[in-house]
Each structure stands twice: as structure tokens, then as C-alpha cells.
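Chemist: Sequence first, then the predicted structure:
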Amino acid sequence: MDYAIQITGISKRFRLLHEQYSSLKERAIHFGRIPYDDFWALRDIDLDISTGETVGLLGRNGSGKSTLLKCVAGILQPTTGEIRTKGRVAALLELGAGFHPDLSGRENVFLNAALLGLSRREIELRFDEIVSFAEIEEHIDQQVKYYSSGMYVRLGFAVAVNMDPDILLVDEVLAVGDELFQRKCLDRVKQFQQEGRTIVFVTHSVDLVRQICDRVAVLDNGEMVACGLPGEAVRSYREHLQLHQREEEAGHAPAESAEDDDPWRDSAIRITGVHFEYPGESKPPLMSGKPLAIHVGYRAASPVDDVVGGLAIYNSDGTNLYGTNTDLLEVDLGKLDGEGEIVFHLPTVPLLDGTYPIIAVLCNHALTVTYDMRDHEDWFEVMSFSKTLGQIELGAEVSLRPSAAALDESGAA
């Protein structure tokens with residue numbers, strides 16, 4: 001196989017200094033030794049990227065994504081391991097890096113493009129296209145220190161994408177400028193894909209990953225925890241986000257027993273747990289469009305005849321996607337006693353890739369008493385191989401209907 005990038009056993013260590021000695025006396029007293037801790041930003045990363053492939057890097061802040069991209073670009077040297085690249089590399093890591101605030105936009109185009117490896121002749125041939133792409137024709141001869149932040153990054157992006165690279169490295173800069181310019185950036189990236197160029201980019205946008213990536217690598221604490229198709233990688237990414245969130249919440253939890261502060265401890269009926277039944281198997285992920293059964297377990301210490309079971313499904317941003325209860329569904333639970341389950345059957349789940357928390361609640365018919373509630377403690381995961389954007393798969397179909405005039409012309413012919 002023809003590889004554009006080969007990353008083998010890459011690790012990157014930084015030294016975190018505890019103190020800084022500025023004087024010769026301080027250095028002499030401490031014998032030139034400065035105390036430090038080793039911080040490993042990357043550990044044993046292996047990744048081969050084929051020519052013409054688009055690979056995304058996902059991970060929470062501090063996971064090592066930008067460090068890996070800088071190692072591939074040659075800005076940082078790895079502590080161990082080896083990186084091989086094939087062809088000209090253009091890196092959009094910090095847009096406008098190399099711009100001088102006292103120089104004009106025109107002068108900075110020549111300076112920045114030269115730093116990226118273009119000759120003066122090549123810059124002159126592409127200058128008009130760069131300025132047109134950045135949409136700053138009227139301001140090209142002004143000093144860039146008077147540019148808005150949007151103009152600044154648009155000019156940096158325009159220079160980088162006009163380098164004619166074989167490998168394009170992009171670090172969270174596909175969302176620069178307004179909506180129209182963002183669309184222009186994505187169109188240029190898709191043009192690169194059609195031309196068979198290799199693209200590696202860092203992003204936190206799951207929609208963008210699904211839209212343009214062939215594969216996605218997920219990093220966590222400097223280690224690669226998953227690498228595969230976008231849907232599978234996004235699921236792994238969200239699993240690790242949920243894991244870190246639970247760890248942080250556990251770390252801030254009070255040391256005392258939660259039982260004394262349980263608002264539901266005197267309730268007549270309690271929720272004992274929630275689990276999800278997937279078609280064929282009882283483990284995630286759920287494939288988009290498949291049925292799902294949500295089991296809400298309960299325990300009643302004594303008979304209770306005024307119970308409504310409720311369910312709400314949310315997305316990761318906290319938006320309520322769906323809510324219902326047994327009253328709305330015209331189901332009378334009757335008198336509940338002992339242990340059992342209330343099961344909500346969803347015949348089809350038209351959701352796209354994502355992690356979907358739920359709220360399960362037991363209350364009375366008048367909605368004045370809440371017996372028990374599980375708020376965002378349980379969630380299910382959906383995997384979709386569709387490149388549709390958003391969160392709902394509506395199954396759109398397309399048909400072509402010629403106009404009446406076109407039909408008349410074809411009949412006349």
C-alpha cells in the first residue's frame with residue numbers, strides 16, 4: 001500500500017520546570033540542576049495514513065492531538081519513534097503564524113508563503129488567488145495590525161491552502177470566518193480530497209468528522225485508544241468523555257454517605273435501575289433505525305395505585321429530543337407492588353451517531369408527587385454509517401422530474 005504518512009512508535013516528552021534560575025549565583029548554588037517533572041504528551045502512537053486518505057483526530061483538550069500534528073509537520077521532534085512523510089506538507093496549525101503586524105497584508109503574504117516553502121515566482125503566480133480567497137482585496141495594502149481577527153485568519157488560511165500541498169495538516173481552523181467563508185474552506189478541502197491529496201485534521205466537530213473523514217483516530221491522555229470508521233471512533237470518543245466526566249463528578253462528591261441526603265428515601269416506590277435492550281444483543285451500540293426497549297425497574301414496599309412512568313431522551317448538548325409517559329400513551333399501570341419493570345418499546349430509533357442520556361421518572365397522575373427519578377444517569381449509544389448531518393435520519397430519497405417544457409421538447413424531437 002502507498003502510504004503518505006507513517007507514524008511508528010511516536011512518544012513525546014516535555015519537561016515541566018518547578019523553578020527558573022535567572023542568575024549565575026542561583027545556578028551555582030543548585031549546581032546547574034533545575035528540578036522538573038516529565039510530562040508525556042504522546043505515548044507509543046502508531047498510525048499509517050494512505051495517500052489520498054482523510055483522517056481526523058478526536059480527543060478532549062490536552063489529549064495530544066495538536067502535539068501529534070506538530071510532530072508530523074516537523075515543528076516538534078518526537079522523543080522516540082519515527083515519522084515518514086511523502087510529498088510536500090502544508091500545515092495550518094496556527095493561522096497567521098509568521099505574520100508581522102507592522103507589514104501590510106501584501107508583504108505578509110510573501111513572507112508567510114516563503115516560510116511555508118514557496119518561491120517568490122510561485123507566490124507571484126498565486127497572489128491574486130490568495131487575496132481573492134481571503135476576501136480582503138480592499139485591505140491588502142493595510143498593515144495587518146489593523147485587521148480584524150476574522151480578516152487575519154482568513155488571510156492565513158488562504159496562503160496555506162494555495163501551497164498546492166500533497167499532505168494538508170489542519171488544526172481546528174476549518175471554522176474560521178463567517179458561515180460563507182467556512183463553506184468555502186470546506187469546499188476547498190473537498191476539492192483536495194477529489195484531487196487525491198492526503199488530509200489530517202484535528203477537530204471537536206463530530207458532524208465534520210462524519211462528513212469528510214475516511215478514518216478517525218481517538219486520543220486520550222497521549223495514547224491512541226481507537227482508530228476506525230467515523231461512527232465507531234465517535235462512539236469511543238464519547239465513551240471516554242463520559243468516563244472522564246464521571247471521574248470528575250466522583251472526585252467532587254462529598255465523602256459522607258449519600259443515603260442521608262437521598263430525597264427519595266421515604267418514597268412509596270423506587271426506581272431500581274435502567275437497562276436497554278438492543279435487537280439481537282444486549283450491548284451497545286444501537287444501529288440507527290433499529291428498535292430499542294428501555295426497561296425501568298421499580299420496587300414498591302407496599303401497593304401503590306397512583307403511578308405514572310415517564311421517559312425523556314436528550315442529546316449530548318442537553319436538548320430534549322423526545323419525552324413521553326404512560327398517561328400520554330394511555331397505559332394504566334394499575335396497582336404496583338413488589339418488584340417489576342416498566343418497558344418503553346421504541347419500534348425505530350432514527351437518531352444518528354451519538355450518546356443519548358435519558359431521564360426516567362415515577363410520579364403520580366396529577367404530577368404533583370415525584371416518587372423517584374434518574375436524571376442523566378443512564379444513556380444509550382447510536383452508531384450510523386450515514387454521512388447525513390444533524391441528529392435525525394429522515395431517510396430522504398431523491399427523484400428527478402423534468403419540466404413539462406422539457407417533455408414537450410423531447411416529444412417533438
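Modeler: Looks like it arrived, so ask away.

Chemist: Residue 295 and residue 12, how far apart?
Modeler: Per Cβ to Cβ, to the nearest Å, residue 295 is found 46 Å from residue 12. For every residue, glycine as well, the C-beta is placed using N, CA and C.

Chemist: Those two: which has the busier surroundings?
Modeler: More crowded of residue 295 and residue 12, by other Cβ atoms under 10 Å: residue 12, with 22 against 14.

Chemist: Do I have it right that the more buried one meets residue 69?
Modeler: No - counting by Cβ atoms under 8 Å, residue 12 sits too far from residue 69 to count as a contact (11.4 Å).

Chemist: Average pLDDT for the helix or strand harbouring residue 375, rounded please.
Modeler: Using DSSP states H and E, residue 375 falls within strand 370-383. Strand 370-383 carries an average pLDDT of 87.

Chemist: From the contact counts, what lies against that strand?
Modeler: Under the contact criterion of 3 or more Cβ pairs under 8 Å, 6 or more residues apart in numbering; DSSP states H and E, strand 370-383 touches helix 230-251, strand 269-277, strand 286-287, strand 292-304, strand 354-363.

Chemist: Any buried residues in it, and which?
Modeler: Across strand 370-383, burial judged by 16 or more other Cβ atoms under 10 Å covers 371-374, 378-383.

Chemist: After the helix or strand of the chain with the lowest mean pLDDT, which helix or strand is next? Please name it.
Modeler: Within the chain, confidence by mean pLDDT, DSSP states H and E is lowest for helix 24-29 among all helices and strands, at a mean of 61. Sequence-wise, the next helix or strand downstream of helix 24-29 (DSSP H and E) is strand 36-50.

Chemist: For that following strand, name the packing helices and strands.
Modeler: Secondary elements touching strand 36-50 (3+ Cβ pairs under 8 Å, 6+ apart): strand 3-17, helix 65-73, strand 198-202, strand 223-228.

Chemist: now the strands for the stretch 51-200 of the chain?
Modeler: In the stretch 51-200 of the chain, the segments counted as strands under DSSP state E, counting those that start in this stretch are 54-58, 80-85, 89-92, 167-171, 198-202.

Chemist: of all the ones you listed, which lies closest to residue 104?
Modeler: strand 89-92 (21.9 Å; Cβ to Cβ).

Chemist: related to what we said a few turns ago, closest one to residue 325 among the strands of the stretch 51-200 of the chain?
Modeler: Of the strands of the stretch 51-200 of the chain, nearest to residue 325 by Cβ to Cβ is strand 54-58, at 36.2 Å.

Chemist: what's the angle from the closest one to strand 223-228?
Modeler: Interaxial angle of strand 54-58 relative to strand 223-228 (axes from the mean of the first three to the mean of the last three Cα atoms, to 10 degrees): 140 degrees.

Chemist: Any idea which of the helices and strands packed on strand 36-50 gets closest to residue 80?
Modeler: strand 3-17 (4.5 Å).

Chemist: what's the distance between the closest one and the middle of its chain?
Modeler: A distance of 22 Å separates the centroid of the chain from that of strand 3-17, by Cα atoms, centre = their mean, to the nearest Å.

Chemist: Could you do stretch 163-173 as well?
Modeler: On Cα atoms, centre = their mean, the centre of stretch 163-173 falls 19 Å from the chain's centre.

Chemist: before we move on, what about stretch 121-139?
Modeler: The chain centroid and the centroid of stretch 121-139 are separated by 32 Å, computed with Cα atoms, centre = their mean.

Chemist: What's the local residue count around the residue nearest to residue 294 when sequence neighbours are not counted?
Modeler: In space, and not counting its chain neighbours, residue 294 is closest to residue 344: 4.5 Å by Cβ to Cβ, 6 or more residues apart in numbering. Residue 344 has 20 neighbours, counted by other Cβ under 10 Å.

Chemist: Please apply the same query to residue 109.
Modeler: The local packing of residue 109 (other Cβ under 10 Å) involves 26 other residues.

Chemist: Let me see the confidence value for it.
Modeler: On pLDDT, residue 109 comes in at 90.

Chemist: For it, give me its contacts.
Modeler: By Cβ atoms under 8 Å, 6 or more residues apart in numbering, the contact list for residue 109 reads 123, 127, 130-131, 140, 155, 159.

Chemist: quick one: which of the residues you listed is most hemmed in?
Modeler: residue 159 (31 neighbours).

Chemist: What separation is there between it and residue 277?
Modeler: 54 Å.

Chemist: Beta-bridge partners for residue 312, please?
Modeler: On the basis of DSSP bridges, residue 312 is bridged to residue 323, residue 359.

Chemist: From residue 381, how far out is it?
Modeler: 17 Å.

Chemist: Ok, residue 393 next?
Modeler: When residue 393 is compared with residue 381 (using Cβ to Cβ), they lie 15 Å apart.

Chemist: How about residue 159?
Modeler: 41 Å.

Chemist: go on, residue 40?
Modeler: 30 Å.

Chemist: cool, and residue 354?
Modeler: 7 Å.

Chemist: what do these two both touch?
Modeler: residue 238.

Chemist: now stretch 387-400: how far from the chain's centre is it?
Modeler: On Cα atoms, centre = their mean, the centre of stretch 387-400 falls 21 Å from that of its chain.

Chemist: now do stretch 43-54
Modeler: Worked out by Cα atoms, centre = their mean, stretch 43-54 lies 18 Å from the chain centre.

Chemist: Could the C-alpha coordinates of it be exported in PDB?
Modeler: Listed next in PDB are the C-alpha coordinates belonging to stretch 43-54 (Å, rounded to 0.1, in the frame of the first residue of the first chain):
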ATOM      1  CA  ARG A  43       3.000   7.600  24.100                       C
ATOM      2  CA  ASP A  44       3.700   4.900  21.500                       C
ATOM      3  CA  ILE A  45       1.500   6.200  18.700                       C
ATOM      4  CA  ASP A  46       1.300   4.000  15.600                       C
ATOM      5  CA  LEU A  47      -0.600   5.300  12.600                       C
ATOM      6  CA  ASP A  48      -0.200   4.700   8.900                       C
ATOM      7  CA  ILE A  49      -2.200   7.000   6.500                       C
ATOM      8  CA  SER A  50      -2.600   6.100   2.900                       C
ATOM      9  CA  THR A  51      -2.200   8.500   0.000                       C
ATOM     10  CA  GLY A  52      -5.400  10.300  -0.600                       C
ATOM     11  CA  GLU A  53      -6.900   9.400   2.700                       C
ATOM     12  CA  THR A  54      -8.600  11.900   5.100                       C
END
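
Chemist: Done for today, thanks.
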